[in-house]
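Visitor: here is a sequence with its predicted model. Questions after.
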Amino acid sequence: MAKEQEGALSGYRVLDLADSKGAYCTKLFADLGADVIKIERPEGDRGRAMPPFVDDVPHPEKSLHFLHRNASKRGITLNLDTEEGRDIFKKLVKTADVLVDNSPPDYMGSLGLDYAALKEITPQLIMASITEFGHAGPYKDRKGSNLVDFAMSGVMITSGYPGKEPCLLPGSPAYDAASVHASIGILAALYMRGATGQGQYINASVHETSRMGLYPWIVPNYSYALNPDGPPPTSETRMGASVYPVYPCKDGLIRVIALTPRQWDALVRVLGSPEVLLTEEWRGFLYRIANADDLYALMLEFTEKYTMMELFEAGKREGVPIAPILNIEDFYISPHTKAREYFVAVEHPVAGKGDYPGPPYKWTETPAAIKRPAPCLGEHNEEIYCGELGFSKADLVALRAARVV
Amino acid sequence: MPPLEDIKVLSFGTGGVGPDACKILGELGADVIKIESKDNPDFMRTIGPDINNIAGFNEANRNKRSFGVSLRTEKGRELVGKLIKMADILVENFRGGVMKSLGFDYENVRKLNPEIIYVSSQGFGGGGPFSDFQAYGPMLSAASGMLSIWAQPDDPYPVGSNSPLPDHMASKHVVIAALAALDYRRRTGKGQFIDLAQTEVAASLVGEHYLEYTFNRRIPKPMGNRSPYAAPHGCYACKGADEWCAIAVFTDEEWHSFCDAIGNPAWTKDPKFADLLGRLQNVDELDSMIGEWTATLNAHEVMESLQAASVAAGVVQRATDTLADPQLEWLGAVIELDHPVAGKRLYPGVPFRLSGCPPLQSTPAPLLGQHTEEICRDLLGMSEDEIKQLIDEDILHNPESAKGAGGGMFG
């Protein structure tokens, strides 16, 4: 924690009005060195109530969801429903390069804080709005949720055990799709601003980004399959078990990716070239999908002779990708994870000390790193309001009493 | 002017992550050159009978020019070295060790171009015992812990999805890294090397489950669609085969709206469903009662009647639903491109809007070697004779000489 080396985005300030929908977007910037100030309503971000909790004790500073997605940020409270709150917000905007917001359509406008108003104060401001379905359009006022948005993304129909209820991908896949696309838009705008000096407005919806970004191939697969001479369509149902089969082995499960005949041949060699697998038909990918249950019954006898790691290594040697199915602990203790120092110890004043997943990349010049634990509610009020904006401690007490901060 | 108008990107790699990342850099206006060899083509070119007519390849490789070159030849590598000198960004996702064997690892590339931004994205990432293992998206969900919790609690074993996730999230992280590094270079003049592990992207996306282990010493188990703080929360089977609608009810207020929307049948009055705690404690029974209602309607009817009451509900969509989705249509989310071999086909557009530049454009994926000759002429200053000779020697490829490459996974 707290590597004081410069990050790629050091020097930029990001105001973060987002809740769990956009939290990952601003976390990406914070881990890259930007000064991200999370602005919460005085009662706190709803993400603070999201389980699981440290020691299973519900507590606003102990939500593991919140702690992960808000690490590296500073935090203040501010009530934008008050006029004083909006005035303070405008002062903050003058110091900011980027503003990320995920309020419902028209909310910022109703406060007089939409992009049109803010760019008058700060022409170089880059503002990104993440909405559920879009800032306008027929679904503008619809209700979404991570589950509902993921359902509409096109991934969910393919997700889960064959024949059963489609299954949610853990985490916040739909929201995170919106977050990464908003991040891309913001970074492109920052780069452009280097040449033009001007900010701009970015809008992204969870609906469109998750539909188009998480599994873009569904649309062209469908479109190409309309051609009578085209390739066979990819079936839009739950085929994980037949396309990328999972087999038990001595100490767990493996997943096999044998698509080409060459990969299948390599898999057969990995398993000791048993005669029953040498039949010519099994070399065909589509044949294996069509007869997945029979194949599964045949394969067990051979895969169960080996450990996950034996098969992982043998797959590499023979030329067929085989992956161990690691659980959360397995990944944490894996020698590869340790070698990359992916997990980093972070100490939080209330939640305590624990290992956090670090940024998923290593940078040679500007390290990406968790700079600090997620902020406690209002933790940096004094630092920012008194230290930067010139309020006295007495002002802060009055603003608190008036529920402005 | 698009944001990356003056930026040149070299795209080495295969499959989903590198190509998708460079597709996005191309959408942002960069001149992206895909370095491809006919003797070892992008894996996605080989999953059908014609290397130029694969839906997934032609989606992930839009907005690029194709430079067809044999990387097994010294002359071919020399020409690529010249392109490296002109590039701002290099993205690669070959198996670990491949770029080094070609002499194009960062240590060598920075000698040619000290300011280059080099983003390397392997399945497991560099610097550990698994660095040179081949990896595809579905392996990475397995090897990252993500797949172990991507299931219903009573599934025989987790299978995840037939989508290649986390590939398409890892690719966005590659773009984020490239753009942040580019902006840093703009301000400081310094390039750098970024080593992204796709397994770590997967783990970051489910980070709270890792904290559950590191803080609470508990190995998380799959929860399926159930939520510890919402009920109903799941997909409910509707009329028709494999038709579903997802429904999420968090607050008691939403529950009352839900009950109104389904006509307040008697069972909804049962006090055990009156508050969230009761609904969570009786969730199996709750789900089965709701399933009886949804089974009588098609999925769109379920979504519409619940949305009319401000309850979060959405059809578990397929491609066809996407094309009929009024919001996506309003947004212009799906675009049509005319590809020289595949013809007019539909693709996802750029799913966000930038107010400060004209709408971002997309161009169809290149044929293998489609731009070799123009790149030789315009960027490398080569003569027609020299180009022709290198094509004849199979050191360079144009679409004609690349014919028959691939082989095909169905062969």
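Guide: All right, it came through fine.
Visitor: mind checking the backbone torsions on the residue nearest the centre of chain B?
Guide: Residue closest to the average C-alpha location in chain B (Cα atoms, centre = their mean): B:H168, at 1.9 Å. Backbone torsions of B:H168, given as degrees, to the nearest 10, read phi -80, psi -10.
Visitor: hang on, it packs against B:P19?
Guide: No. Using Cβ atoms under 8 Å, B:H168 makes no contact with B:P19, being 10.6 Å away. No exception for glycine: its C-beta is placed from N, CA and C like everyone else's.
Visitor: what is in contact with the two at once?
Guide: Common contacts of B:H168 and B:P19 (Cβ atoms under 8 Å, 6 or more residues apart in numbering or on different chains): none found.
Visitor: which regions of chain B lie under the pLDDT threshold?
Guide: The model of chain B has pLDDT under 70 over residues B:407-411.
Visitor: can you give me the strands for the stretch 51-200 of chain A?
Guide: Taking DSSP state E, counting those that start in this stretch as the criterion, the stretch 51-200 of chain A carries its strands at A:74-77, A:98-101, A:126-131.
Visitor: go through those and pick out the most buried.
Guide: Mean neighbours per residue, mean count of other Cβ atoms under 10 Å in any protein chain shown, is largest over these for strand A:126-131, with a mean of 28.
Visitor: check the offset of that strand from the chain's centre.
Guide: Strand A:126-131 sits 17 Å away from the centroid of its parent chain (Cα atoms, centre = their mean, to the nearest Å).
Visitor: output it as PDB, nothing but the C-alphas.
Guide: The C-alpha atoms that make up strand A:126-131 are tabulated as PDB, following Å, rounded to 0.1, in the frame of the first residue of the first chain:
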ATOM      1  CA  ILE A 126     -14.800  16.400 -18.500                       C
ATOM      2  CA  MET A 127     -18.100  15.100 -17.300                       C
ATOM      3  CA  ALA A 128     -19.300  11.500 -17.600                       C
ATOM      4  CA  SER A 129     -22.800  10.400 -16.800                       C
ATOM      5  CA  ILE A 130     -23.700   6.800 -16.400                       C
ATOM      6  CA  THR A 131     -27.400   6.100 -16.500                       C
END
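Visitor: which elements pack onto it?
Guide: Strand A:126-131 sits against strand A:98-101, helix A:115-121, helix A:173-196, strand A:201-205, with contacts defined as 3 or more Cβ pairs under 8 Å, 6 or more residues apart in numbering or on different chains; DSSP states H and E.
Visitor: OK, contacts around the residue nearest to the centre of chain B?
Guide: Contacts of B:H168 were listed using Cβ under 8 Å, 6+ apart, and they are A:213-216, B:16, B:20, B:137.
Visitor: can I get those residues in JSON lines including secondary structure?
Guide: JSON lines is the format used below for the contacts of B:H168 (DSSP: H, G, I helix; E, B strand; the rest coil):
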{"residue": "A:G213", "secondary structure": "helix"}
{"residue": "A:L214", "secondary structure": "coil"}
{"residue": "A:Y215", "secondary structure": "coil"}
{"residue": "A:P216", "secondary structure": "coil"}
{"residue": "B:G16", "secondary structure": "coil"}
{"residue": "B:D20", "secondary structure": "helix"}
{"residue": "B:G137", "secondary structure": "helix"}
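Visitor: just to revisit the earlier point, rebuild the helices and strands packed on strand A:126-131 as a markdown table, extending it with distance to A:D251 and mean pLDDT.
Guide: A markdown table is the format used below for the helices and strands packed on strand A:126-131 (distance: least, Cβ to Cβ, whole Å; pLDDT from 0 to 100):
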| stretch | distance to A:D251 | mean pLDDT |
| --- | --- | --- |
| strand A:98-101 | 44 | 98 |
| helix A:115-121 | 55 | 97 |
| helix A:173-196 | 29 | 97 |
| strand A:201-205 | 43 | 97 |
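Visitor: possible to save the ones you listed as JSON lines with distance to chain B?
Guide: Putting the helices and strands packed on strand A:126-131 into JSON lines (distance: least, Cβ to the nearest Cβ, whole Å) gives the following:
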{"stretch": "strand A:98-101", "distance to chain B": "12"}
{"stretch": "helix A:115-121", "distance to chain B": "8"}
{"stretch": "helix A:173-196", "distance to chain B": "4"}
{"stretch": "strand A:201-205", "distance to chain B": "4"}
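Visitor: got CSV for the ones you listed, with distance to B:V249 too?
Guide: Output for these, formatted as CSV (distance: least, Cβ to Cβ, whole Å):
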stretch, distance to B:V249
strand A:98-101, 26
helix A:115-121, 33
helix A:173-196, 17
strand A:201-205, 22
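Visitor: looking at the ones you listed, which is closest to B:K269?
Guide: Closest of the helices and strands packed on strand A:126-131 to B:K269 is helix A:173-196, at 33.3 Å (criterion: Cβ to Cβ).
Visitor: got the angle for that closest one vs strand A:201-205?
Guide: Counting by axes from the mean of the first three to the mean of the last three Cα atoms, to 10 degrees, helix A:173-196 lies at 170 degrees to strand A:201-205.
Visitor: show me how far helix A:173-196 is from its chain's centre.
Guide: Here the centre of helix A:173-196 is set off from its chain's centre by 14 Å, with Cα atoms, centre = their mean.
Visitor: report the buried residues of that helix.
Guide: Within helix A:173-196, the residues that count as buried by 16 or more other Cβ atoms under 10 Å in any protein chain shown are A:173-193.
Visitor: give me the outermost residue of chain A relative to its centroid.
Guide: What lies farthest from the middle of chain A is A:E275; by Cα atoms, centre = their mean that is 45.1 Å.
Visitor: mind pulling up the pLDDT for A:K3?
Guide: The score at A:K3 is 48. That number is its pLDDT.
Visitor: report the central residue of chain A.
Guide: The centroid of chain A falls nearest to A:D176 when counting by Cα atoms, centre = their mean (3.7 Å).
Visitor: verify the stated contact: it with B:L205.
Guide: Yes. Contact criterion Cβ under 8 Å: A:D176 and B:L205 qualify, at 5.7 Å.
Visitor: so what's in contact with the two at the same time?
Guide: Contact criterion Cβ under 8 Å, 6+ apart; residues shared by A:D176 and B:L205: A:24, B:169.
Visitor: quick one, domains of chain A?
Guide: Annotated domains of chain A cover A:13-214+A:340-401, A:244-327 [automatic domain parsing].
Visitor: out of those, which gets nearest to B:G404?
Guide: Each of the domains of chain A has some distance to B:G404 by Cβ to Cβ; the shortest is domain A:244-327, at 16.6 Å.
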